[in-house]
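>>> Below is the structure, and that's it, no one-letter string:
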């Protein structure tokens, strides 16, 4: 038994998404909101602990499917770090997105070296962070 990688949510519910994601966030998304963000992503890659069935790492991309994609989140649970899971998730996602013109992500300077090792280049960018919305916003009108 070990870690398996999947690109679909089949059989994954919010109960498999608990355990420490969004570490350090003062207002993290609930497991149900976390599931929703994965469901609405253009592409996802999941790392699953075969023994527990729980998701221990993930990466998501949002995209127009034509020219561009943005990778907003890559996380591996703290107790699973150092096993190459983040690298494997990133490589799997970059492989899936390779037909697009641009793949962008924003990250803190302390992890830029990690992404350089994955074949990405340093760039500049701009952002806005509405920390009061950090737990997530679900537009119920989209579900009508």
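Sure, I can see it. Since we're looking at a predicted model, the values are computed, not measured.
>>> quick one: buried residues of the helix or strand containing residue 38?
Assessed by DSSP states H and E, residue 38 sits inside helix 31-39. When burial is assessed from 16 or more other CB atoms under 10 Å, helix 31-39 yields the following buried residues: 31, 33, 34, 35, 36, 37, 38. Quick note: C-beta positions are derived from backbone N, CA and C, even for glycine.
>>> between these, which is nearest residue 10?
Residue 10 lies nearest to residue 38 out of these, by CB to CB, at 11.8 Å.
>>> residue contacts, that closest one?
9, 12, 17, 44, 58, 60 (CB atoms under 8 Å, 6 or more residues apart in numbering).
>>> Return the distance of it relative to residue 114.
Shown here: residue 38 relative to residue 114, a distance of 22 Å by CB to CB, to the nearest Å.
>>> Next: residue 99.
Remark: distance between residue 99 and residue 114 (CB to CB) = 24 Å.
>>> go on, residue 123?
Distance, residue 123 to residue 114, using CB to CB: 15 Å.
>>> Run the chain-centre distance for the helix holding residue 38.
Relative to the mean C-alpha coordinate of its chain, helix 31-39 is positioned 11 Å out (CA atoms, centre = their mean, to the nearest Å).
>>> And stretch 104-117, by the same measure?
14 Å.
>>> Show me which positions of it end up buried.
If you call a residue buried by 16+ other CB under 10 Å, then stretch 104-117 has these buried ones: 105, 115.
>>> residues in contact with it?
The contact list for stretch 104-117, computed with CB under 8 Å, 6+ apart, reads 68-72, 86-87, 90, 120, 122-123, 125, 127.
>>> So for the lengthiest helix in the chain, what gets flagged as buried?
With residue count as the measure and DSSP state H as the assignment, the chain has helix 85-97 as its longest helix. By neighbour count, with 16+ other CB under 10 Å as the criterion, the buried positions of helix 85-97 are 85, 86, 88, 89, 90, 92, 93, 94, 96, 97.
>>> No further queries at this time; thank you.
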